[in-house]
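> Predicted model, plus sequence, below.
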Amino acid sequence: MMDMVRAHLIIEGLVQGVFFRATTADVAKKHGVFGWVKNNPDGSVEAMIEGREEDVKKVIGFCRIGPPRARVDRVDVRWEDYRDEFDDFHAVTRHSSY
């Protein structure tokens, strides 16, 4: 059986207003992982990603680079216990509850 993992990311740099959330959601869906990505009030982007370890690591790799207009200065990754609580991947708007 594949190792299932959960990663909580905080991405810092020029990561808002550059399609970071939308592109991350596209990459996550392409790799079959689940969770969410959202903008934080401090200018960072936060993501929770669950899925097969190799696929989660591919999405984290993307987040270390970001879309073309982004500048990623730092990615903090915290590995957590897999919970299997998501059934899709969402780019969260400020009105969502994540």
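In hand now; what should we look at?

> what residue ranges in this structure score low on pLDDT?
By pLDDT under 70, the low-scoring segments of the chain are 1, 94-98.

> the strands in this structure, which residues?
Secondary structure of the chain by DSSP state E: the strands cover 4-14, 34-39, 45-52, 71-80, 89-91.

> The shortest one pairs with which strands, parallel or anti?
Strand 89-91 sits in its sheet next to strand 34-39 (parallel), going by DSSP bridges.

> separation between the residue nearest to V15 when sequence neighbours are not counted and F34?
Closest residue in space to V15, ignoring its immediate chain neighbours: V45 at 4.6 Å, by CB to CB, 6 or more residues apart in numbering. (C-beta placed from N, C-alpha, C; glycine too.) Separation of V45 from F34 (CB to CB, to the nearest Å): 17 Å.

> cool, E54 as well?
For E54 relative to F34 (CB to CB), the value is 15 Å.

> what about the two, which has more around it?
A count of neighbours by other CB atoms under 10 Å puts F34 above the other of E54 and F34, at 20 against 11.

> isn't the more buried one right up against A47?
No: if you go by CB atoms under 8 Å, F34 and A47 don't touch, sitting 11.3 Å apart.

> So what sits opposite the most centrally placed residue in the chain in the bridge?
With distances taken as CA atoms, centre = their mean, the chain has A47 as the residue nearest its mean C-alpha position (3.7 Å). Counting by DSSP bridges, A47 is bridged to L9, V37.

> One more: V75?
Per DSSP bridges, the residues bridged to V75 are I11.

> And for it, the neighbour number?
Neighbour count for V75, taken as other CB under 10 Å: 20.

> quick one: contacts for it?
Counting by CB atoms under 8 Å, 6 or more residues apart in numbering, V75 touches L9, I10, I11, E12, I60, C63, R64.

> Thanks a lot, catch you later.
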